[in-house]
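Peer 1: Predicted model and sequence follow; I will ask about them next.
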Amino acid sequence: MTRPTDWRHQAACRGEDPELFFPKADTDRWAPQIQQAKTICARCPVADTCLTTALADEGGAHERYGIRGGLTGSERYSLRRRKTRGTRNQRGQYKPPAYSLADAVARRVTHTEDGHARVNGAKHITYGGRRYTTLQAAFTAAHGRDPVGIVRRACGDGDCALGAHLSDDVIREAEDRCGTRSGYLRHRARGEDCERCRRANTAADNRLRRTGTTKELTS
């Protein structure tokens, strides 16, 4: 039986469909599903523990299944085999390089009890030969793409660096169109749920039945 203090009780994937984290293959065909799962892992406060547990469970096995700790089976296999120099901290302890941008972000931020995150240390992150601001890196890791325009905090916390709480021009423009039937159709095509757009679509359907048009009639 899992104890209440088990780290799994803090996992961001709790309540999600388990099938999401088990794509049939690590190929381009399944890339959208893999990215959706990784987005959840990116905001998980125990992702590092999850990955460490996965690597310990799998040992040297070549066959690895599911997305654990933000990595696919093949990525975890490569991580174990990869020979890296790493670095040492001020105490002389070995510190391997970040294995992903999400890992680089996780090392730079601390999650708070109220659901936000704070930046520790420098405000920039270098990964894969690129230099990001911490907010840019957190956004990219959480959303699976580079931001368009300025990254801003959307949660009202002026110091938050949680990727899921950040927005760019694309997200802000989409939110401006929320509350419309077209917004509902856009969310539906992406597999998203937006209460404002859902209500707007229901209202449009009701108008269509009453008046023969989805448009609001002016008196």
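Peer 2: Right, received. Where do you want to start? Numbers count the residues shown, from 1 in each chain.

Peer 1: only C-alpha atoms for contact and neighbour calcs from this point on.
Peer 2: Fine.

Peer 1: Name the nearest residue to the residue nearest the centre of the chain, sequence neighbours excluded.
Peer 2: Centroid check for the chain by CA atoms, centre = their mean gives T39 as the closest residue, at 2.3 Å. Leaving aside its sequence neighbours, T39 sits nearest to A142 (CA to CA, 6 or more residues apart in numbering; 5.0 Å).

Peer 1: so when I look at that neighbour, I'm seeing a helix, right?
Peer 2: Yes. A142 forms part of a helix when assessed by DSSP: H, G, I helix; E, B strand; the rest coil.

Peer 1: List the residues that contact it.
Peer 2: Counting by CA atoms under 8 Å, 6 or more residues apart in numbering, A142 makes contact with 38-40, 42-43, 102, 163-164.

Peer 1: Can you spell out which helices and strands pack onto the helix or strand harbouring the residue nearest to the centre of the chain?
Peer 2: Assigned by DSSP states H and E, T39 belongs to helix 31-42. When contacts are defined as 3 or more CA pairs under 8 Å, 6 or more residues apart in numbering; DSSP states H and E, helix 31-42 sits against helix 134-143.

Peer 1: Output the contacting helices and strands for the helix or strand where Y132 lies.
Peer 2: Element membership for Y132, per DSSP H and E: strand 130-133. Under the contact criterion of 3+ CA pairs under 8 Å, 6+ apart, strand 130-133 touches strand 124-127.

Peer 1: List the contacts of the strand it packs on.
Peer 2: Contacts for strand 124-127 (CA under 8 Å, 6+ apart): 98, 100-101, 104-105, 131-134, 137.

Peer 1: So for the longest helix belonging to the chain, what gets flagged as buried?
Peer 2: Counting residues, the longest helix in the chain under DSSP state H turns out to be helix 195-211. Neighbour-count burial for helix 195-211 flags 197-198, 200-201, 203-205, 207 (criterion: 16 or more other CA atoms under 10 Å).
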